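J.: Sequence and predicted structure, then a few things I'm wondering about:
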Amino acid sequence: MTEDEERAAILAARAERKAAKRLADIEHQEMLAELRLHALAELAIGQDELPEIREILREQGLEKGASAAEADEILDSAWRERRYLARENADLEHSAVIRAAFEDLLEQGILLGEDIGRDAEDGRAEMQEAARELMDELDAPPRGYVFFSREDTLGLVDGSDALRLHVGALPGSPVSETAQILRDVLAEHGIPAQPAADGVVIPEVAWFPSPPPR
């Protein structure tokens with residue numbers, strides 16, 4: 001190999017390493033952006049206290065290659081954002097009235113699930129399993145179930161998307177009956193809903209509950 005060829009090989013190897021590093025940096029930033037979305041989703045649903053959410057996010061981050069410090073920074077930033085949005089949109093917020101409708105559905109024997117499963121298919125499997133367990137435990141088993149998945153939750157994190165509620169039937173109770181109960185209860189609470197293939201869609205939902213306290 002001549003001196004010029006050796007120099008060219010060295011420069012090519014350096015360029016390849018730089019390109020690989022840039023690609024790795026881009027992939028890492030994309031991973032952090034995805035982790036941030038899930039942090040916003042956890043805070044928007046608020047089913048867990050902040051320390052539990054922190055542990056969830058650290059575990060998710062570890063699986064994807066993020067450090068605990070990066071996960072903590074993402075959660076702290078997401079918490080400040082959700083707190084700001086809750087304050088700024090207090091007059092527009094819909095989650096309280098939607099959850100009040102959910103409580104009425106529970107009283108009518110409809111099993112409810114928020115942020116269940118990765119997507120509709122996964123959530124449906126989890127709801128059916130939960131319903132089977134309750135049917136063995138309760139004298140009056142659920143008549144059907146209604147849920148939204150993590151995929152649906154991610155559409156709510158900026159409050160600008162519709163909320164899809166998926167409906168499922170159980171033995172002895174057709175899906176049309178559960179869907180009608182859902183539409184009736186939403187209407188009683190003044191919540192507009194549009195028919196969808198497997199349930200209803202609530203358009204333009206402003207989902208801005210206050211995040212769990214620090």
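T.: Structure received. Residues are numbered from 1 along each chain as shown.

J.: Grab the longest strand from the protein for me.
T.: strand 163-169 (DSSP state E).

J.: Check which helices and strands the helix or strand following that strand sits against.
T.: Past strand 163-169, further along toward the C-terminus, the next helix or strand under DSSP states H and E is helix 175-188. Secondary-structure packing of helix 175-188 (3 or more CB pairs under 8 Å, 6 or more residues apart in numbering; DSSP states H and E): helix 95-107, strand 110-113, strand 144-147, strand 163-169, strand 199-202. Every C-beta, even on glycine, is put in place using the N, C-alpha and C of the backbone.

J.: Redo the ones you listed as TSV? Include mean neighbour count.
T.: Converted to TSV, those look like this (neighbours: other CB atoms under 10 Å):
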stretch	mean neighbour count
helix 95-107	15
strand 110-113	21
strand 144-147	25
strand 163-169	22
strand 199-202	20
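
J.: and Q29, which of these is closest to it?
T.: Taking CB to CB, strand 163-169 is the member of those nearest to Q29, at 28.9 Å.

J.: Domains in the chain, by residue range?
T.: 3-88, 95-202 (automatic domain parsing).

J.: any idea which of those is most buried?
T.: Of all these, domain 95-202 carries the top mean neighbour count, a mean of 17, counting by mean count of other CB atoms under 10 Å.

J.: Can you tell me which of the domains of the chain has the worst average pLDDT?
T.: Ranked by mean pLDDT, these bottom out at domain 3-88, with a mean of 82.

J.: Off-centre distance for that one?
T.: Here domain 3-88 shows a centroid-to-chain-centroid distance of 18 Å under the convention CA atoms, centre = their mean, to the nearest Å.

J.: just so I know, which of the helices and strands packed on helix 175-188 lies nearest I26?
T.: strand 163-169 (31.4 Å).

J.: can you redo the domains of the chain as a markdown table with distance to P209?
T.: A markdown table is the format used below for those (distance: least, CB to CB, whole Å):
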| stretch | distance to P209 |
| --- | --- |
| domain 3-88 | 6 |
| domain 95-202 | 5 |
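
J.: wait, which of those is closest to S210?
T.: Of those, nearest to S210 by CB to CB is domain 3-88, at 4.4 Å.

J.: give the contact list for V201.
T.: 162-165, 193-195 (CB atoms under 8 Å, 6 or more residues apart in numbering).

J.: Kindly recompute the last result at 10 Å.
T.: Counting by CB atoms under 10 Å, 6 or more residues apart in numbering, V201 touches 152, 162-165, 192-195.

J.: got JSON lines for those, with distance to D76 too?
T.: Shown next, in JSON lines, are the contacts of V201 (distance: CB to CB, whole Å):
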{"residue": "D152", "distance to D76": "25"}
{"residue": "A162", "distance to D76": "29"}
{"residue": "L163", "distance to D76": "27"}
{"residue": "R164", "distance to D76": "30"}
{"residue": "L165", "distance to D76": "31"}
{"residue": "P192", "distance to D76": "36"}
{"residue": "A193", "distance to D76": "36"}
{"residue": "Q194", "distance to D76": "37"}
{"residue": "P195", "distance to D76": "41"}
